[in-house]
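K.L.:
Here's a sequence, model it:
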Amino acid sequence: MKLSPLTLWGLALATLFALPPAARADLIPWAYNWSRSPSEIHADAPGTGYVTLTDESLHTAVGDSDVVATNLRTFSTALPTNPDHFTAAAYALTLTLGDLDSGKTGSLTFTGQTGRGRGAILDSYRSHVMKRSSYSLGGLALALLFALPTSGRADLIAWSYNWSRSPSEIHADAPGTGKITLTDESQHNAVGDSDVVATNMRTFSDALPTSPDHFTHAPYSLTLTLKDQLSGQTGSMTFTGEINGDLGAQFSRLTNTFTGPPTQSILLGEHRYTASNLTFTPPGIPGAANAGSVSAHATITVEHVPEPSTWLLSAVGGTILTAARRYLRRRRVRSERGPQ
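P.N.:
The predicted structure follows:
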């Protein structure tokens, strides 16, 4: 039978006061919520696009934990030739904390700006509150930035993509019952530079702080499948990683290590797609409204690459031109020497 949150709290608090002072910091109970301002970040006039931000309602936690401040979604009907622009578009995220021992509350506000090329807010903050709890700010999951050359043609290259994950659930070491879920991303069309989200992660656990679920070298993979619309060719890149750390009903302390190549490249038709610069933002506590995150951004460059037939014609043409030059040089030498 699963314990209710109320029962869990009773056990956690009882254990807290039974431990020596040195061990108590990991079991300090606290509460938090996140609020955002504004709820929508609008594009520069006359653009109509916008980015929405979510709040995070009140939750209780014990000891150190990663928490998710906001999730974001983009909305736009703009064409690639006339995009919506965001110039130093400001936002604020406020973390309100409650110390359950003393009943005191306080808040921290983090500010930032969005701009062209990285419409998604991927800033990651970690701060220490009352010198005993740490927090991580992150709203989007594994995200890749597709940045193309500045030429007009490159900015209008059409492509499509989807993400798949394996496994769909990362399970804690036995005998733990906690898990982390990963989502797929269905097929979407894109043109030129674009940010894309690979996977969202959520945590599940009913473990107590004194007996957390452990994750030891728990592997996962994320596969990006691309289609070059001009040539119709498809290809894929797979990024691998592993999760380590502890998870409980009221805390999340997970780390990530990318285990595969940090940069991957694929040639599709006349365009080269390259992904790199992966980073990580940890998922939040179980039950949080905002999706936790393993997050990253990468740079994709699409370059005009001549087809093999073009290279062949160039090579043949070069050979013929070299032979012709040699022939003309010999004729000129012979004419200068005169008849023999």
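K.L.:
Could you tell me the end-to-end distance of stretch 269-281?
P.N.:
Start to finish, the residues bounding stretch 269-281 are 34 Å apart (CA to CA, to the nearest Å).
K.L.:
Could you give me the buried positions within that stretch?
P.N.:
Residues Gly269, Glu270, His271, Arg272, Tyr273, Thr274, Ala275, Ser276, Leu278, Thr279, Phe280, Thr281 are the ones in stretch 269-281 that count as buried (16 or more other CB atoms under 10 Å). C-beta: built from backbone N, CA, C; applies to glycine.
K.L.:
likewise stretch 99-107?
P.N.:
By 16+ other CB under 10 Å, the buried positions in stretch 99-107 come out as Asp99.
K.L.:
again with stretch 43-53
P.N.:
Ala43, Gly49, Tyr50, Val51, Leu53.
K.L.:
One more: stretch 157-169?
P.N.:
Neighbour-count burial for stretch 157-169, with 16+ other CB under 10 Å as criterion, is recorded at Ile157, Trp159, Tyr161, Asn162, Trp163, Ser164, Arg165.
K.L.:
related to what we said a few turns ago, restricted to strands, list the buried residues of stretch 43-53.
P.N.:
Tyr50, Val51, Leu53 (DSSP state E).
K.L.:
Can you list the residue ranges for helices in the chain?
P.N.:
For the chain, applying DSSP state H gives helices covering 5-18, 21-24, 152-155, 308-337.
K.L.:
picking that back up, spell out which two among the buried residues of stretch 269-281 are the most distant pair, please.
P.N.:
Longest distance between any two of those is 35.0 Å, between Glu270 and Thr281; criterion CB to CB.
K.L.:
Leaving aside the residues adjacent along the chain, what's closest to Asp246?
P.N.:
Pro212 (4.1 Å; CB to CB, 6 or more residues apart in numbering).
K.L.:
Then His85?
P.N.:
Nearest residue to His85 in three dimensions, chain neighbours excluded: Asp44, at 4.7 Å (CB to CB, 6+ apart).
K.L.:
close enough to count as contact, the one you found and Thr87?
P.N.:
Yes: if you go by CB atoms under 8 Å, Asp44 and Thr87 touch, sitting 5.3 Å apart.
K.L.:
How is this structure divided into domains?
P.N.:
Using automatic domain parsing, the domain parsing of the chain gives 5-305, 314-340.
K.L.:
pLDDT below threshold where in this protein?
P.N.:
1-26, 115-155, 292-325, 327-340 (pLDDT under 70).
K.L.:
Please report how far Thr77 lies from Ala43.
P.N.:
Separation of Thr77 from Ala43 (CB to CB, to the nearest Å): 11 Å.
K.L.:
Ser194 too?
P.N.:
In this view, Ser194 and Ala43 are 15 Å apart by CB to CB.
K.L.:
The residue nearest to Asp246 - how many residues pack around it?
P.N.:
By other CB atoms under 10 Å, the residues close to Pro212 number 23.
K.L.:
Repeat that for Thr216.
P.N.:
Applying other CB under 10 Å, I find that Thr216 has 10 neighbouring residues.
K.L.:
need the contact list for it.
P.N.:
Asp173, Asn244 (CB atoms under 8 Å, 6 or more residues apart in numbering).
K.L.:
Ok, the one 4 residues further on next?
P.N.:
Contact partners of Tyr220, counting by CB under 8 Å, 6+ apart, are Arg165, Ser166, Pro167, Ile170, Leu182, Thr240, Gly241, Glu242, Ile243.
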